[in-house]
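K.L.:
I would like to see how this sequence folds:
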Amino acid sequence: MQARGCIKQASDIARMHYQAANIARNRLERGRALGFSQLTECEEDRVRVDCFGAPDEQGHFRRTTVVTDVSDSLREVIVTVEIQDLTQVAFIGESEVVRSSIAEFDTEP
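P.N.:
Numbering: from 1, shown residues only. Down below sits the predicted model:
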């Protein structure tokens, strides 16, 4: 019986990591859709979100988005999604991180 509990707990943890990775990737794609000049509008610090990435005070995830200028035409975006430990009902270090560089290309001939 104890083995089933461990398997379910491992399955729940894996599912939450999968959801966290998707939340981070979706946030990154939202930034890309806004465009280079508006990337900084995606910045946020420890916003609680639900499993879909929507702001939710009771959400089991906490998302931080940082945009850093690497050069005039290159920015790095780092999205960190922390996972709430459901047994302790706290954020204790489990997370997923997605990072990408986004460039602005000069389309003038």
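
K.L.:
name the element the spatially most central residue of the chain belongs to?
P.N.:
In the chain, the residue lying closest to the centroid (Cα atoms, centre = their mean) is Ala24, at 2.7 Å. Secondary-structure assignment from DSSP states H and E places Ala24 in helix 2-34.

K.L.:
please identify the buried residues of that helix?
P.N.:
16, 19-28, 31 (16 or more other Cβ atoms under 10 Å). The C-beta positions use only the backbone N, C-alpha and C, and glycine is treated the same way.

K.L.:
if we can go back for a sec, you'd agree the residue nearest to the centre of the chain is up against Ser100?
P.N.:
No - using Cβ atoms under 8 Å, Ala24 makes no contact with Ser100, being 10.1 Å away.

K.L.:
pLDDT at Asp45, what is it?
P.N.:
pLDDT, Asp45: 98.

K.L.:
before we move on, the earlier item: how far is the helix holding Ala24 from where the chain is centred?
P.N.:
10 Å (Cα atoms, centre = their mean, to the nearest Å).

K.L.:
which other helices and strands contact whatever helix or strand comes next after it?
P.N.:
For helix 2-34, the succeeding helix or strand toward the C-terminus, using DSSP H and E, is strand 44-49. For strand 44-49, the elements it packs on are strand 61-71, judged by 3 or more Cβ pairs under 8 Å, 6 or more residues apart in numbering; DSSP states H and E.

K.L.:
and the following helix or strand past the strand it packs on, what does it pack onto?
P.N.:
With elements assigned by DSSP H and E, the helix or strand that comes after strand 61-71 is strand 74-85. Under the contact criterion of 3+ Cβ pairs under 8 Å, 6+ apart, strand 74-85 touches helix 2-34, strand 61-71, strand 90-103.
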